[in-house]
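**Q** any chance you could fold what I've pasted below:
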Amino acid sequence: MELVILGASGFIGSAITAEALSRGHQVTAVVSRPERIVAQAGLTVVGLDINDTAALTELLSNKAVVISAFSGHAQQDVKGYYVAAFNSVYKAAVAANTPRLLVVGGAATLKLPDGSRLLDSPGFPAEYRATAEGAAAVLQQLREQSALSWSFLSPAAEIFPGDKTGQYRLGLDHLLTDSEGKSRISTGDYAVAMLNEAEQPQHQNKRFSLAY
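**A** Modelled structure (predicted):
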């Protein structure tokens with residue numbers, strides 16, 4: 001399968017790229033700084049501004065799956081950058097007739113037992129609010145359109161660098177917690193769940209989630 005991974009050098013994007021390559025997929029990694037990625041078999045690295053919709057459209061043509069893993073953490077206006085950049089991704093994917101768009105989402109829009117969102121809880125960290133609100137806007141945009149087939153994968157409340165175990169639970173719109181009330185997942189297992197969805201779609205036009 002030919003995959004395009006946007007933001008392939010990032011915290012989660014790098015794990016997804018590694019998992020895709022380990023499964024033998026052909027991966028085009030789209031990054032802002034190509035020098036950050038080591039060349040290897042099956043990997044094509046492209047330096048491209050994600051807001052260049054025309055160039056992105058050309059790149060996405062004839063690719064089976066596009067995985068959007070970019071973030072705006074380094075930008076001054078995190079939410080504004082994220083929403084604008086995703087609009088560029090969305091327009092390019094539609095123009096390129098992309099069969100499927102998979103999106104690395106956040107946990108903040110997941111629901112708590114009382115039906116409220118994690119984002120709206122009193123103790124939600126202020127430093128993550130802009131990113132969370134951007135991801136919430138993107139999820140809403142995907143739900144309101146019908147031009148693209150999509151899936152949006154929300155991680156657990158805590159996602160940390162770690163290897164894959166293959167032992168995790170999948171959910172939909174509610175935050176998953178363990179017997180101690182913790183909600184955690186490694187980047188390795190997040191990547192496994194994303195690639196499983198790419199290979200065998202189970203959550204088309206849905207958001208889904210995972211945690212230990």
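
**Q** and residue 14, how close does it get to residue 47?
**A** 16 Å (Cβ to Cβ, to the nearest Å). No exception for glycine: its C-beta is placed from N, CA and C like everyone else's.

**Q** where in this protein is pLDDT low?
**A** The chain contains residues with pLDDT under 70 at 73-74.

**Q** let me see the ranges of the strands in this structure.
**A** Secondary structure of the chain (DSSP state E): strands at 2-6, 26-31, 43-47, 65-68, 100-104, 150-154, 158-160, 169-171, 184-186, 206-211.

**Q** so which of these has the densest surroundings on average?
**A** strand 65-68 (a mean of 27; mean count of other Cβ atoms under 10 Å).

**Q** centre of the chain to it, how far?
**A** Relative to its chain's centre, strand 65-68 lies at 8 Å (Cα atoms, centre = their mean, to the nearest Å).

**Q** residue 176: what's it in contact with?
**A** 156, 169, 183, 209-211 (Cβ atoms under 8 Å, 6 or more residues apart in numbering).

**Q** count of residues packed around the residue lying closest to residue 136 once chain neighbours are set aside?
**A** In space, and not counting its chain neighbours, residue 136 is closest to residue 109: 4.9 Å by Cβ to Cβ, 6 or more residues apart in numbering. Applying other Cβ atoms under 10 Å, we find 24 other residues in the vicinity of residue 109.

**Q** and residue 109, how far from residue 153?
**A** With Cβ to Cβ as the criterion, residue 109 and residue 153 are 12 Å apart.

**Q** what residues do these two have in common as contacts?
**A** With Cβ under 8 Å, 6+ apart as the test, residue 109 and residue 153 both reach residue 207.

**Q** just give me the neighbour total for residue 119.
**A** 17.

**Q** who's in contact with the residue lying closest to it once chain neighbours are set aside?
**A** Using Cβ to Cβ, 6+ apart and skipping the chain neighbours, the partner closest in space to residue 119 is residue 108 (3.8 Å). Residues near residue 108 by Cβ under 8 Å, 6+ apart: 117-119, 124, 128, 132-133, 135-136.
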